[in-house]
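Chemist: my questions concern the predicted model and sequence given below.
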Amino acid sequence: MLDIKYLRQNIELVRSKMAARGQSIDFDRFTSLESERRDLLMAVETLRSERNNVSKEIGDLKKKKADASSLIARMSDVSAKIKELDERLRITEEELNAFIMTVPNIQHESVVMGHGSEDNPVVRSWGEKPVFTFKPKEHFDIGENLNILDFACGAKITGARFTLYRGLGAALERAVLNFMLDLHTGEHGYTEVLTPFMVNRESMTGTGQLPKFAEDLFKIEGMDYFLIPTAEVPVTNIYRDEILEEKMLPLYHVAYSPCFRAEAGSYGKDTRGLIRQHQFNKVEMVKFTRPETSYDELEKLTANAEEILKRLGIHYRTVSLCTADLGFSSAKTYDVEAWMPGQNAYREISSCSNFEDFQARRASIRFRREESGKVEFVHTLNGSGLAVGRTVVAILENYQQADGSVLIPKVLQPYLRGVDRIT
RNA sequence: GGAGAGAUGGCUGAGUGGCCGAAAGCGAUCGCCUGCUAAGCGAUUGUACGCCCGUAAAAGGUGUACCGCGGGUUCAAAUCCCGCUCUCUCCGCCA
């Protein structure tokens, strides 16, 4: 959510920023709603002020046993008027709120103008594509041949886009996520949290999934709870409606969670394999920072995600999302894309974003400056570190051997009781 | 699932219709005192939104709202009434 005051004063700037994102926003409607709100507010507050004053007089008169009936009659009218204006104000604020909730964040000046993912500039890459003496297979073939991934069984138990992992497949998934958590907590300074996997409506609204993206969520029947699409939601909401001390910042949290996504609108895309599931595991990093450090923190956060792939020995590249590809709440996003030899493509395995104060304003997460005592919004950032299922895909495809077996990267072997190859 | 108790500021806790944005204590900040620390004394101590004045930004003044959330009664609600949520205790069930 953008700052209403900022929006009011910078309409043209915001308009051009939104145009670059391919969004057209009806700012005339905003302007008229906004001035209507202020007019109504002023009117209602004036009446309230009168009522407060006269009510005091009535109290005094009554104490002196004097007659207050004419004042009471007048205030009765005033109260009725207040009620009526209040209702109009409520409706206007609701509309204004609904409007502002649908305006995306303003992108950082370093974000390049583009029309789609093909315009995302590559900012760096690491490692090299492995060379195979045979035609590398896709992970679902490797996994099924080794009997560690069973897509048919996942479909039987639940439905499409669910998978059963068997034996060393299940163990590999667990090894990968433990390795990630240990690295981020042990070397990168993150504090681990384990959160609820379903959250209420306020939490979903705080991080921006609602009201705009309800169709992407799974909702619990009979309750106003939702399955989380990412640990970002519960972790960011830890500090919802709080004022933090400046010296607490920056706060680093890392959380494992399963992620549940309805994947509405992605029919026919990545229908085979682990790439696009209704349920997948992810290790998520979340930061709360002072505004002046958030872009440095974004670089560090992205480096923390990349470090996982370096240690696993998987070639990747990092792209900076262009205006058209940038998420709703994000001011700047780096995607880390791992090389997947079976697919002969780079696939997103992490997405690291700086939301600046966009989420913090929605979720009301603030901090008090030590110097001035002033309250300001924090900046929130988050990034996958990494998507666990897709990391397993990358391992299977990059470490596959001619005989169909898969080597286990050295760093994971301690997490697999020393197993160095799945056969 | 059944029975009961509760929700007030950073914290503890008073407040059953007007003098309550809210006593008192603790904590915090500033000042005095002091060789230093402690003690003591004094002052300050929420957030949001609007308006005025003014500014590079601020400061300042003023109004309104906020005592779990939503509604109602009343000239007037932290206080009375209704609904909801959450917390705690006991019973049942359970990993």
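Modeler: Received, thanks.
Chemist: which stretches in the stretch 251-400 of chain A count as helices?
Modeler: For the stretch 251-400 of chain A, the helices defined by DSSP state H, counting those that start in this stretch occupy A:294-312, A:358-363, A:388-398.
Chemist: any idea which of these is most buried?
Modeler: Mean neighbours per residue, mean count of other Cβ atoms under 10 Å, is largest over those for helix A:388-398, with a mean of 26. (C-beta placed from N, C-alpha, C; glycine too.)
Chemist: tell me how far the next helix or strand after it is from the chain's mean position?
Modeler: Counting by DSSP states H and E, the next helix or strand C-terminal to helix A:388-398 is strand A:406-407. Taking Cα atoms, centre = their mean, to the nearest Å, one finds the center of strand A:406-407 at 34 Å from the center of the full chain.
Chemist: what packs against strand A:406-407?
Modeler: strand A:421-422 (3 or more Cβ pairs under 8 Å, 6 or more residues apart in numbering; DSSP states H and E).
Chemist: which strand or helix spans A:Gly189?
Modeler: A:Gly189 belongs to no helix or strand, assigned by DSSP H and E.
Chemist: my read is that it contacts A:His253, right?
Modeler: No: assessed by Cβ atoms under 8 Å, A:Gly189 is found out of contact with A:His253, at 10.5 Å.
Chemist: which residues touch the residue nearest to A:Ile148 when sequence neighbours are not counted?
Modeler: In space, and not counting its chain neighbours, A:Ile148 is closest to A:Gly169: 2.7 Å by Cβ to Cβ, 6 or more residues apart in numbering. Counting by Cβ atoms under 8 Å, 6 or more residues apart in numbering, A:Gly169 touches A:Gly143, A:Leu146, A:Ile148, A:Leu149, A:Val392, A:Ile422.
Chemist: need phi/psi at the second one.
Modeler: So that's A:Leu146. Here is the backbone geometry of A:Leu146 (degrees, to the nearest 10): phi -90, psi 0.
Chemist: can you name the residues that contact the residue lying closest to it once chain neighbours are set aside?
Modeler: Nearest non-adjacent residue to A:Leu146, counting by Cβ to Cβ, 6+ apart: A:Ile422, 5.6 Å away. A:Ile422 sits next to A:Leu146, A:Ile148, A:Leu168, A:Gly169, A:Leu172, A:Ser405, A:Val406, A:Ile408 when contact means Cβ under 8 Å, 6+ apart.
Chemist: if we can go back for a sec, what about A:Gly189 and A:His253, which has more around it?
Modeler: A direct count of neighbours by other Cβ atoms under 10 Å for A:Gly189 and A:His253 places A:His253 higher, at 22 against 12.
Chemist: excluding chain neighbours, give the residue nearest to that one in space.
Modeler: A:Val286 (4.7 Å).
Chemist: residues from chain A in reach of RNA strand B?
Modeler: A:4-5, A:38, A:41-42, A:45-46, A:48-49, A:51-56, A:58-59, A:62, A:72, A:75-76, A:78-79, A:243, A:366, A:368, A:373, A:375 (Cβ under 7 Å from any atom of the strand).
Chemist: pick out the most distant pair among the contacts of A:Gly169.
Modeler: Spatially, the most separated pair among those is A:Leu146 and A:Val392, at 12.0 Å (Cβ to Cβ).
Chemist: now the residue nearest the centre of chain A: how far from A:Phe355?
Modeler: Chain A has A:Glu232 as the residue nearest its centroid, 5.2 Å off, counting by Cα atoms, centre = their mean. Distance of A:Glu232 to A:Phe355, computed by Cβ to Cβ, to the nearest Å: 10 Å.
Chemist: kindly report the same for A:Arg21.
Modeler: 15 Å.
Chemist: who has more neighbours, the two?
Modeler: Neighbour tally, A:Arg21 and A:Phe355, criterion other Cβ under 10 Å: the higher count belongs to A:Phe355, 27 against 21.
Chemist: distance of the more buried one relative to RNA strand B?
Modeler: 18 Å (Cβ to the nearest atom of the strand, to the nearest Å).
Chemist: isn't that residue right up against A:Ala331?
Modeler: Yes: in this structure, A:Phe355 is within contact of A:Ala331 by Cβ under 8 Å, at 6.4 Å.
Chemist: follow-up on the earlier one: only whichever of the contacts of A:Ile422 are buried, select them in PyMOL.
Modeler: Only the buried entries of the contacts of A:Ile422 go into this PyMOL selection, using 16 or more other Cβ atoms under 10 Å:
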select buried, chain A and resi 146+148+168+169+172+406+408
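Chemist: make CSV out of the contacts of A:Ile422 and add pLDDT.
Modeler: CSV is the format used below for the contacts of A:Ile422 (pLDDT from 0 to 100):
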residue, pLDDT
A:Leu146, 98
A:Ile148, 98
A:Leu168, 97
A:Gly169, 97
A:Leu172, 98
A:Ser405, 98
A:Val406, 98
A:Ile408, 98
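Chemist: thank you, goodbye.
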